[in-house]
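Trainee: Build me a model:
(2 chains)
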Amino acid sequence: MDNAEATAYLTQFIGKNLRIHTTDNRIFGGQMKCTDKDLNIILSLTYEYRKPSSAIIQRAIQASGNPSASVPWNSRYVGLVVVPGEHVTKIEYEEPTYGQGAVEL
Amino acid sequence: MTEPMPPGGSTSGKEGGALTQEQPGVSAASTTLPLRHSLRAAAIDPKLHDITEKFTEACNALKIGQLVKDEYFTLFESIGALEIMDTKMDSGFLQPGETLDEVYDTLAPLLPEEVIGIMDQLLCYEMAWHTGYPLSQTLLTSVYIDKLLWPEPRSVEQAQFYRGYVSEERRPGLLLRVLRAYCLALVKCVDSGIAVITNRDFFEEEDICTHTYNRVLFPQVGADVFVGELEDVIQNVQECAEEYITDDLKKAMLVRLEFRKNFLAALDLECPLDQLNKHWPLMQSNLVAINVTHQLGKPVEGSFSTKIQRRLASTVPPRPIVVLEFKDAFEKLKQLCADCEEATRFTSLPQNPLEYQSFMWAFASRSPPPLTYSRSYLSNLLFHPSSDLSILLQSDLGSLVFPASVVLDPSNWALSPPQNPNLPKDKRFQLAQLINDFTERAGHAYLEFWTALGQNRCRLRRMLCHAILGFDQVQNDAYTIDEGIMALTQEMGSAPENEIMPYPLTTWSYYRKLWMMEKVVFLGFEQDIYLPDEFAAQYHFLSTIASTRSRLLTNVSTHINAKYRRLFAAEGQTLRVATLVETANYVDSLLAESIGVHELSTALAKFWMVVLYLGLLGGKKLARPFSSPELRYELRMKPFWTLQPAEVPPFEEFRRDVWSYGPYDKLTPRFLEDLQNPQAELWMELDEAVKRAKEAWAQVKRFGAKSARAEGVEESWKREIQGVLASCVALGVAVAGIKGQAPKDLGEIRVEIPKVGSGKRYREGWVVGKVCRG
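Mentor: Numbers count the residues shown, from 1 in each chain, chains lettered A, B, ... in the order given. Prediction:
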């Protein structure tokens, strides 16, 4: 991929919703604002999601007796964040439910 | 910005991102992650595409330093971004092995001692919040409160220490129910507190932090619900057998519940005005009992945790829990109750804006300074929906420039314009229109003035500087309205009640403006804003303003006396004569006070001038390489530069008055001569000024608090006058210590400046130096 192609490819995600998974198993969902060569990504209007620990899941199952009990993810609003490239493990693009998502994947 | 958080996505199975034992993988679960929450499940699940590989590849192809960014996104903005995985910035970053889960079990049975301990801990955090710390570092660190509030309960019944199903033997017993009722009432107290504070002008993070971090503190539920919960458990505890809770513990617990109930009722925003003074006194006895029984409690440290902060909607990493000792918290609570109890007296004041003003001023001067809540509480009473600012303003006008006058006669407002627009309007109707016009123009500045009175002392000074500018404009606008009023009253005939003073509204605005200017300078001394080498200059400035004010008041007084004679001679004017006598007393008291301020500040200006020439303050002279006296003067007088008529004398004139013997560091022969001669003009003038000041203040004292319109706060008014009189005496003593001394004897003399708040100033704003030997 040459530089012009790469720039064009990345530019189309600006303002689009991305979900970035990090090395500590959190997920950040927000609008992409900026990225660079080191894969640092700035997201705005970001929410942080953290999966419940196994202890909590175990407790929920014990309490309810239902092996497929529903346990909520912890989530909260964190706003404008920068995820350093070294901590990014996975990037997902969230296609808009409504309207056109004119993105070439 | 999208509305922050939903209830954790837990309730709807489809949206909720269920993660179960069978499918523990993150990737599997992530497909159903809720990104933007709505109360109802979205119709279509968003489609996700894994773009990791291509995205990474594209990034690698970028040049070093090349940014792919939103064109509206600036570098400046990006500085505000929180760096994920950075220990100092990322509030969600966990140390290895650290989990977010609370290990503390909120359903574990507690001992009665522990319940009392937790109640007292909560009280400490509540007071810490009242003194300005955020909820995230205080009350919201309680695991119990967190359980009650998160996930957000849909009803008060749902706010429990558990959610959903709990087995019979785990259900909370009496003590946990007591704690729950207490916590809920506490949460509602905070909510009512926030409601009162945000109702009025306050300064977020300077005064108090009203941020609730997306926790909802039952704003829509009435206080009576929580009172009901408390009453239930109170009854249960009373009926509880002694083998479960010993008698003294039971009493300690009951008094805390009682207190919370009273506190909640007192804080309730919807409490009717005539009930206000009922609740605060009730708490006095509760407070004593709480303090005595504090040692019975056993704190439970584990029931508070910084971890909760990671789950609050906050962009800052966890900060330590604020520790406020029970002793200090209790003092704050006592102060809060005393201040609010004092504030409720506002409702029983004589209905007069000047009384209100004295009350607000005295309230702001209370020591220690009232907490934000108490100040807002009082402001809420002043700005109660039932009070009308324009009536306040008219009554204010009536007390100074329109006593017993036709201009403010309420019947003027009952008239309507003639149906035929060609007919002349009734003169009284026109008067009412002019006054309405003025009220509209002055309303904003007047409101600002009252708002300022509800602030703490430092901000009061700053806001007054601003209000002064507003009144300057009002004074300017008043001129044309005054001409209209004067023309109308002249046409209305020569009955004594039609007589008004020349330019009444201008006079009133000017008077108000000068009063505020004096207070600004005075508060500057109170708050130690001026450096010692400015004392002479500032007191000199104060004396000029005060003398302008007393000239203005002399005019008012002359008019009132003339009117009084005419009214007295006329028949059937008893009521008007009585009003006029009252006003005359008020104006006389003001006049004496303005003379007192003028004379005392003149004396102090001279005293400090001599002290500065002689360099008696000790210590090194302040080196000020980057400024000149002229620039410093300009800066200090900045709030007043633009006023019309000019109140700030030009620098040359000012220099002549304040440095009448040349610069401070050069002693001229003329000064040395005057210094040693007790008969010199310098000393004669000084002594005279002190004497006249003493006389004037003694006169103010004789007129009494009622004439000064400070009847509601007579005690503190008397203390104040007494303090000024003592300052006069102290100044006389200090002057005697320096007067007539030969320069060689002065080596042994020092002048000490009594520190603010040390109790060594008789009045904080009147700084009288103390002459010491050796």
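
Trainee: and after the lowest-mean-pLDDT helix or strand in chain A, which helix or strand comes next?
Mentor: Lowest mean confidence among the helices and strands of chain A (mean pLDDT, DSSP states H and E): helix A:54-64, at a mean of 79. As assigned by DSSP states H and E, the chain's next helix or strand after helix A:54-64 is strand A:74-83.

Trainee: Please identify the buried residues of the least confident helix or strand of chain A?
Mentor: Buried residues in helix A:54-64, counted by 16 or more other CB atoms under 10 Å in any protein chain shown: A:56-57, A:60-61. For the C-beta atoms, the positions are set from N, CA and C on the backbone; glycine is no exception.

Trainee: closest to B:K327 among the residues you listed?
Mentor: B:K327 lies nearest to A:I56 out of the buried residues of helix A:54-64, by CB to CB, at 39.0 Å.

Trainee: pretty sure the closest one contacts A:V71?
Mentor: Yes: using CB atoms under 8 Å, A:I56 makes contact with A:V71 at a distance of 6.2 Å.

Trainee: can you count the residues close to residue 95?
Mentor: All of this is about chain A. 16 (other CB atoms under 10 Å in any protein chain shown).

Trainee: oops, chain B please
Mentor: Neighbour tally, B:Q95, other CB under 10 Å: 7.

Trainee: and it, backbone torsions?
Mentor: Note on B:Q95: backbone dihedrals following degrees, to the nearest 10 are phi -70, psi 160.

Trainee: which residues does it contact?
Mentor: Residues near B:Q95 by CB atoms under 8 Å, 6 or more residues apart in numbering or on different chains: none.

Trainee: How confident was the prediction at the residue nearest to the spatial centre of chain A?
Mentor: Nearest to the mean C-alpha position of chain A, counting by CA atoms, centre = their mean, stands A:R19 at 2.0 Å. pLDDT for A:R19: 95.

Trainee: do the one 5 residues further on as well
Mentor: We note a pLDDT of 88 for A:D24 in this prediction.

Trainee: Does the residue nearest the centre of chain B belong to a helix, a strand or coil?
Mentor: The structure's chain B has its C-alpha centroid closest to B:Q455; by CA atoms, centre = their mean the separation is 2.4 Å. Each residue gets one of three states, and B:Q455 gets coil by DSSP: H, G, I helix; E, B strand; the rest coil.

Trainee: Distance of it relative to B:L523?
Mentor: Distance of B:Q455 to B:L523, computed by CB to CB, to the nearest Å: 11 Å.

Trainee: hang on, the earlier thing: please list which of the buried residues of helix A:54-64 also come close to chain B.
Mentor: Counting by CB under 8 Å from any CB of the partner chain, A:56-57, A:61 from these sit close to chain B.

Trainee: Nearest to B:I560, out of the residues you listed: which one, please.
Mentor: A:I56 (79.1 Å).

Trainee: In space, what's closest to that closest one - neighbours in sequence excluded?
Mentor: B:D101 (5.7 Å; CB to CB, 6 or more residues apart in numbering or on different chains).

Trainee: can you check B:T99 too?
Mentor: Excluding the flanking residues, the one nearest B:T99 by CB to CB, 6+ apart is A:S53, at 5.2 Å.

Trainee: I'd say that neighbour and B:L100 touch.
Mentor: Yes: under the criterion of CB under 8 Å, A:S53 makes contact with B:L100 at 7.2 Å.

Trainee: Which of the helices or strands spans the closest residue to B:W150 other than its chain neighbours?
Mentor: Leaving aside its sequence neighbours, B:W150 sits nearest to B:R215 (CB to CB, 6+ apart; 6.6 Å). Remark: B:R215 resides in no helix or strand, with elements defined by DSSP H and E.

Trainee: picking up where we left off before, ramachandran angles for the residue nearest to B:T99?
Mentor: phi -70, psi 160.

Trainee: OK, contacts around it?
Mentor: Contact partners of A:S53, counting by CB under 8 Å, 6+ apart, are B:99-101.

Trainee: ok, so of the residues you listed, who is nearest B:T574?
Mentor: B:L100 (78.9 Å).

Trainee: so that closest one, which of the three states?
Mentor: B:L100 ends up coil, using three-state DSSP.

Trainee: And it, how far from B:E152?
Mentor: 18 Å.

Trainee: how close does the residue in chain A sticking out farthest from the centre get to chain B?
Mentor: The C-alpha centroid of chain A is most remote from A:G65, which lies 31.9 Å away (CA atoms, centre = their mean). Distance, A:G65 to chain B, by CB to the nearest CB, to the nearest Å: 10 Å.

Trainee: pLDDT score assigned to that residue?
Mentor: Confidence score, pLDDT, at A:G65: 78.

Trainee: Output the below-cut-off pLDDT ranges for the chain.
Mentor: With no chain named, the answer covers chain A. The model of chain A has pLDDT under 70 over residues A:98-102.

Trainee: look at chain B instead
Mentor: Within chain B, the stretches with pLDDT under 70 are B:1-45, B:315, B:619-620, B:774.

Trainee: Name the single longest helix found in it.
Mentor: What stands out as the longest helix in chain B, according to DSSP state H, is helix B:574-614.

Trainee: Output the contacting helices and strands for that helix.
Mentor: helix B:389-400, helix B:535-569, helix B:669-676, helix B:681-707, helix B:714-738 (3 or more CB pairs under 8 Å, 6 or more residues apart in numbering or on different chains; DSSP states H and E).

Trainee: got the buried residues for the last one?
Mentor: Buried residues in helix B:714-738, counted by 16+ other CB under 10 Å: B:716-717, B:720-721, B:723-728, B:730-732, B:734-735, B:737-738.

Trainee: Show me what A:G79 is bridged to.
Mentor: Beta-bridge partners for A:G79, by DSSP bridges, are A:T46.
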